[in-house]
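In: turn this into a model:
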Amino acid sequence: MTLISTATKTPVGTLHLICDEHVLLSATFGGMNAAIASLEPEDVSRKVLTVKTIPVVSDLITSYFDGDIEAINAIVVRQPGASFSQAAWKAMRKVKPGKTLSYADLASRAGSPAAVRAAGSACAKNAIVVVVPCHRIVKTGGALGNYAYGLDAKEWLLRHEGAL
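Out: Below is the predicted model of the structure:
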């Protein structure tokens, strides 16, 4: 089956999306090539059809950036990754908009309290930004830490959600 893709302009850059029907497989500010590269190996070989909007997913993303910060919670996601990364991404999705979590707390919630560096790595490898909210993960003490698309984007997202 064909995957569908689109690019959505947001206040922090163009968000490139790839879906398998209504399941979001990739969301990146890094361009469509980066979006494709982040897919499961079996998905990379599938045809990708570019569309103006992706039913349901595009509307929920737009609603999020328009102020309904809970809208993205309704998006179903799937991305490749090791078991710890999967657990970390699942834990990230449980962090409510307007809240943050430390890398250490993320490691703990993902089932391995000593794996703080692995928690940071899971954030860095996250292929579904905004929806799997790695921007809500900060350093112990509240410093922002890192963000693949720049600290200005991370700060904007956290302000948009009311965490800053």
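In: so who does the residue nearest to the spatial centre of the chain touch?
Out: Most central in the chain under Cα atoms, centre = their mean is residue 129, positioned 2.1 Å from the mean C-alpha point. Residue 129 is in contact with 15, 27-29, 135, 148-149, counting by Cβ atoms under 8 Å, 6 or more residues apart in numbering. C-betas here are computed from N, CA, C, even on glycine.
In: got the domain ranges for the protein?
Out: Per automatic domain parsing, the structural domains of the chain span 3-76, 82-160.
In: quick check: which of those domains is buried the most?
Out: domain 82-160 (a mean of 18; mean count of other Cβ atoms under 10 Å).
In: including distance to residue 76, could the contacts of residue 129 go into JSON lines?
Out: Formatted as JSON lines, the contacts of residue 129 follow (distance: Cβ to Cβ, whole Å):
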{"residue": "15", "distance to residue 76": "17"}
{"residue": "27", "distance to residue 76": "12"}
{"residue": "28", "distance to residue 76": "18"}
{"residue": "29", "distance to residue 76": "21"}
{"residue": "135", "distance to residue 76": "20"}
{"residue": "148", "distance to residue 76": "23"}
{"residue": "149", "distance to residue 76": "23"}
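In: so among the residues you listed, where is pLDDT lowest?
Out: Taken together, these show their lowest pLDDT at residue 148, with 91.
In: element containing it?
Out: Per DSSP states H and E: residue 148 is located in neither a helix nor a strand.
In: all the strands of the chain, residue numbers only.
Out: Remark: strands assigned in the chain by DSSP state E are 3-10, 13-20, 23-28, 48-50, 76-77, 101-102, 137-138.
In: ok so, going back, closest one to residue 58 out of the contacts of residue 129, please.
Out: residue 15 (9.8 Å; Cβ to Cβ).
In: and the closest one, what are its bridge partners?
Out: For residue 15, the beta-bridge partners are residue 8 (DSSP bridges).
In: from residue 123, how far off is the residue lying closest to residue 145 once chain neighbours are set aside?
Out: Closest residue to residue 145 apart from its sequence neighbours, by Cβ to Cβ, 6 or more residues apart in numbering: residue 139 at 4.5 Å. Separation of residue 139 from residue 123 (Cβ to Cβ, to the nearest Å): 11 Å.
In: next, show the common contact partners of these two.
Out: With Cβ under 8 Å, 6+ apart as the test, residue 139 and residue 123 both reach residue 103.
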